[in-house]
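Asks: structure for this input, please:
(chains A, B and C)
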Amino acid sequence: METEMSFLSKSSSSSSSDDDIELRRGPWTIEEDKLLVQYITNHGEGRWNMLAKHAGLKRTGKSCRLRWLNYLKPDVKRGNLTPQEQLLILELHSKLGNRWSKIAQYLPGRTDNEIKNYWRTRVQKQARNLKIDSNSAAFQEMIRSLWIPRLLQKIQSSSVSTSIQSSQSSTPPGFSTSTSSNSSSHSSSIYNSPNNISECPQIPTREIDDSDLDSFVKAHFPFDNSYDMDNFGELTTGNFDDVMDYDQLSGDHIKMTGDVIADSFWSNMDEFFYQKTGYEQ
DNA sequence: AACCATATCAACCGCGTGTTA
DNA sequence: GTAACACGCGGTTGATATGGT
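Replies: Numbers count the residues shown, from 1 in each chain, chains lettered A, B, ... in the order given. Here you go, the predicted structure:
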């Protein structure tokens, strides 16, 4: 184990030159963040090794890139994943596997690192507890038949509870009871029978490509493109602990997801698993 | 209050691929 | 064609936070 935790030597042995500086590692300081943000604001991103040097940062280019992309970049969302986002991750992972950066493309503002962490800490944990391989068909089926309907229920109930009685107003696009087909009001949405597996959103199975995924996401998760993205950035700046939601019609910011929904979802999930499987968590 | 176990997530590492000279 | 460099991805690690005893 290295005694010097926060530095590493950049070049092996050659004596003092610009290239022979000690590079910092570990958590970033506020000063380093400022330097990086300032430099990128003025000069743009890319050429990370050079950028690191010119910005006066004793960091590798890789480290700078990671810090920027995962934390400092203005459009990075913070806070817990919303049920909608969780749902999308589950669906996309079932089709794409561990292609985190690919999955992240469909969750604007979320990073591959964050999604990967979510999967490992939340989803794989459940698989471990159930002693099921998280890549197994059984676990996939568990997700599809139990978790996804459960998430859909959460989404629905949260939209109901936050929309106040204004009929169709704040139900996120895609989760509404088809505003276009006016009066007939009733449930043309595939989300209205969350316990019916066959009505869960399904990505086309074999040999999917980008356009398949695009149309899937647009059809079933339009909030990502319009509902969420347009409003989320500003909502999350300043308060990293709360995830806000946004009522598109009223323009109200609704504090509703974040810890409350995430926590209750997972505790309900544990309870739910126990009921279904008898496994104690 | 102190200790231990577990969860979380930022950051690092190795490697494959793309680009440039 | 190829060597050197840059970039990006996925897996892993480790520091810190949180919860339980």
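Asks: count the neighbours of A:Asp75 for me.
Replies: 10 (other CB atoms under 10 Å). All C-beta atoms are positioned from the backbone trio N, CA, C, and that covers glycine.
Asks: is it in a helix, a strand, or coil?
Replies: Following DSSP: H, G, I helix; E, B strand; the rest coil, A:Asp75 is assigned to coil.
Asks: what number of residues lie near A:Lys95?
Replies: As a burial measure, A:Lys95 scores 18 neighbours (other CB under 10 Å).
Asks: can you tell me how far it is from DNA strand C?
Replies: In this structure, A:Lys95 and DNA strand C are separated by 13 Å, where distance is defined by CB to the nearest atom of the strand, to the nearest Å.
Asks: which stretch of helix or strand covers that residue?
Replies: If you go by DSSP states H and E, A:Lys95 is part of helix A:83-96.
Asks: got the buried residues for the helix or strand just after that helix?
Replies: Following helix A:83-96 in sequence order, the next helix or strand is helix A:100-105 (DSSP H and E). When burial is assessed from 16 or more other CB atoms under 10 Å, helix A:100-105 yields the following buried residues: A:100, A:102-105.
Asks: out of the residues you listed, the closest to DNA strand C would be?
Replies: When these are ranked by distance to DNA strand C (CB to the nearest atom of the strand), A:Trp100 comes first, at 3.7 Å.
Asks: check what pLDDT the residue lying closest to that closest one once chain neighbours are set aside gets.
Replies: By the measure of CB to CB, 6 or more residues apart in numbering, the closest residue to A:Trp100 outside its immediate chain neighbours is A:Asp112, 3.8 Å from it. Per-residue pLDDT puts A:Asp112 at 88.
Asks: could I get the contacting residues of A:Asp112?
Replies: Taking CB atoms under 8 Å, 6 or more residues apart in numbering as the definition of contact, the neighbours of A:Asp112 are A:100-101, A:103-104.
Asks: in TSV, list those along with distance to A:Trp119 and pLDDT.
Replies: Converted to TSV, those look like this (distance: CB to CB, whole Å; pLDDT from 0 to 100):
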residue	distance to A:Trp119	pLDDT
A:Trp100	8	89
A:Ser101	13	87
A:Ile103	9	88
A:Ala104	11	89
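Asks: list the buried residues in the one helix or strand A:Asn117 maps to.
Replies: Secondary-structure assignment from DSSP H and E places A:Asn117 in helix A:112-118. For helix A:112-118, a neighbour-count test (16+ other CB under 10 Å) marks A:112, A:114-115, A:118 as buried.
Asks: same for the helix holding A:Lys95, what does it pack against?
Replies: On a contact count with 3 or more CB pairs under 8 Å, 6 or more residues apart in numbering; DSSP states H and E, helix A:83-96 meets helix A:100-105, helix A:112-118, helix A:148-162, helix A:210-220, helix A:258-277.
Asks: which SSE is immediately downstream of the second one?
Replies: Yep, that's helix A:112-118 we're talking about. Beyond helix A:112-118 in the direction of the C-terminus, DSSP H and E gives the next helix or strand as helix A:124-129.
Asks: list the buried ones in that following helix?
Replies: Of all the residues in helix A:124-129, those buried under the rule 16+ other CB under 10 Å are A:126-127.
Asks: any residue of it up close to DNA strand B?
Replies: Yes: counting by CB under 7 Å from any atom of the strand, DNA strand B has neighbours in helix A:124-129: A:Lys125.
Asks: ok, the closest residue in space to A:Glu32 that isn't next to it in sequence - how many residues close by?
Replies: Nearest non-adjacent residue to A:Glu32, counting by CB to CB, 6+ apart: A:Leu57, 6.0 Å away. For A:Leu57, the neighbour count with other CB under 10 Å is 22.
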